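>>> give me the fold of what follows.
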Amino acid sequence: MKLKLNIRVGDVVLGVPKKHFRALIKSSCEAVLRAESFNENTEVSVLLTNNAEVRALNLEFRGKDKTTDVLSFPLDEINPENGYTMLGDIVINAELARERAKEYNHSYEREIAFLTVHSMLHLLGYEHENDEAGEKIMREKQTKILDEMGLEITP
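Numbers count the residues shown, from 1 in each chain. All right, here's what the predicted structure looks like:
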């Protein structure tokens, strides 16, 4: 399995070099693909941005006029240029992730990894909104993947 990762940094200050987040996001995506035995060559696009941009996207695509920590836009199409499965787009609210990391008393990197894992599971078809069983499944999968990455979820 190969992963082609397209990362774009929007209007947000990361506080660390972009390549640091690229490696973290890539390893998070790969961990999900391994855990789900997804062996196809895969392409994922990730945007790291701020509250305002996420709020605008949330309103435009989901009809919700509020910010959120992460948005997932599943695609599941084949890229005719390289034959890779394009799973979709992930939009991470890096501004809110920094706040949540402080709130939950863990690292900014751990929060970015969690949001990436969470969103990758959405791209692979998992859902939790208004679905208690789906929420339980996602929580268990996230915990297992982050534990395997050495980024345990704090209670």
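>>> any idea which residue sits dead centre in this structure?
The chain has residue 116 as the residue nearest its centroid, 2.3 Å off, counting by CA atoms, centre = their mean.
>>> can I assume it is in contact with residue 28?
Yes: here residue 116 reaches residue 28: they are 3.9 Å apart, a contact under CB atoms under 8 Å. All C-beta spots, glycine's among them, are computed from the backbone N, C-alpha and C.
>>> tell me which stretches of this structure form strands.
For the chain, the strands defined by DSSP state E occupy 3-9, 42-49, 70-78, 85-93.
>>> and the angle for the first one with strand 85-93?
Regarding strand 3-9 and strand 85-93, their directions subtend 30 degrees when assessed with axes from the mean of the first three to the mean of the last three CA atoms, to 10 degrees.
>>> give me the contacts around strand 3-9.
18, 21-22, 25-26, 29-30, 33, 41-49, 82, 84 (CB atoms under 8 Å, 6 or more residues apart in numbering).
>>> could you dump it to PDB, C-alpha only?
C-alpha atoms of strand 3-9 as PDB (Å, rounded to 0.1, in the frame of the first residue of the first chain):
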ATOM      1  CA  LEU A   3      -0.300   6.700   0.500                       C
ATOM      2  CA  LYS A   4      -0.200   9.900  -1.500                       C
ATOM      3  CA  LEU A   5      -0.900  12.700   0.900                       C
ATOM      4  CA  ASN A   6      -1.800  16.200  -0.200                       C
ATOM      5  CA  ILE A   7      -1.400  18.700   2.700                       C
ATOM      6  CA  ARG A   8      -2.300  22.300   2.500                       C
ATOM      7  CA  VAL A   9      -1.900  24.800   5.300                       C
END
